[in-house]
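Chemist: only geometry, no sequence info:
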């Protein structure tokens, strides 16, 4: 493995960021580079990743772009191995890539392939990243895995059931891996953003738009929850990662929802039910068996 020292925060560190071409991933990459880390932007959006890497290098930072489908375990493993061979270390893995289908429409509109795609990317991609990087970090004696979940991994969020399923799983994975990794020199944190103003709130580049709940409607729904800029999120998140916090909830006011759900889950589920009922009254989403079934949905991207 070569000569190693200890985890670097963040100067002269090496970090791989999946979904690094846009949104939260992009903001994390730019902030990490500004703090002196070398960043690897792993994304299917290769042109955007290349443009961002060039921008970071032009500003005096270190960045490379790599095409990566996080559902491809062999490709993920190869990227980790190549990065370690080139830089001599892997300080951070940000498992950040994620997708959603039919935000706001509800599980009744999902096709089985929608379930599988969201699970493969949002959970399978994290598992692939952990499997590729965890033992490398153990062998070198240090490392920090940072998984992007969501507030939807901590509390109910009706209308996003497939997404919620994966994000709860990512939170559970992160808790367990943090407990295991602590005695092996590997830190693990999980990011649980509230609403961040990124393309994701409109469905993202690889989400599926369910007819009746358009990207614009999704955006309007989330805008009511006062999203923050990804740059603000990244700055605060990286400060928390540096402190080795286990569960990182941002913006901070969203912690109130998490605490309330833990204290009064029945009450919160009642509120969630009412919220979804209100969403149904303002949405034109088709009902199963109607003239416009879920098969009328179109792919975004």
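Modeler: Sure, I can see it. Values in this document were obtained by computation on a predicted structure and should not be read as measured data. Numbering: from 1, shown residues only.
Chemist: from here on, contacts and neighbour counts on C-alpha atoms
Modeler: Will do.
Chemist: which residues of the stretch 151-300 of the chain fall in helices?
Modeler: Assigned by DSSP state H, counting those that start in this stretch, the stretch 151-300 of the chain shows helices spanning 161-181, 215-223, 230-242, 255-263, 265-282.
Chemist: if you count neighbours, what's buried in the third one?
Modeler: Just to be clear, that refers to helix 230-242. Using 16 or more other CA atoms under 10 Å as the test for burial, helix 230-242 gives 230, 231, 232, 233, 234, 236, 237, 238, 240, 241.
Chemist: for the last one, which non-adjacent residue is closest in space?
Modeler: In other words, residue 241. residue 189 (6.9 Å; CA to CA, 6 or more residues apart in numbering).
Chemist: what number of residues lie near the one you found?
Modeler: By other CA atoms under 10 Å, 23 other residues sit near residue 189.
Chemist: show the model's pLDDT score for it.
Modeler: Predicted confidence (pLDDT) for residue 189: 98.
Chemist: ok, the one 5 residues further on next?
Modeler: Residue 194 is assigned 90 on the pLDDT scale.
Chemist: how close does the residue nearest to it when sequence neighbours are not counted sit to residue 275?
Modeler: Counting by CA to CA, 6+ apart, residue 194 lies nearest to residue 151, which is 5.5 Å off, once chain neighbours are set aside. Look at residue 151 and residue 275: by CA to CA, to the nearest Å, they are 16 Å apart.
Chemist: for the two, indicate the residue with more neighbours.
Modeler: Legend: neighbour count by other CA under 10 Å for residue 151 and residue 275, higher for residue 151 (24 against 14).
Chemist: surely the more buried one is in contact with residue 192?
Modeler: Yes - assessed by CA atoms under 8 Å, residue 151 is found in contact with residue 192 at 4.9 Å.
Chemist: shared neighbours of these two, which are they?
Modeler: residue 249 (CA atoms under 8 Å, 6 or more residues apart in numbering).
Chemist: list the contacts for the closest residue to residue 152 other than its chain neighbours?
Modeler: Excluding the flanking residues, the one nearest residue 152 by CA to CA, 6+ apart is residue 164, at 5.2 Å. The contact partners of residue 164, by CA under 8 Å, 6+ apart, come to 152, 153, 156, 157.
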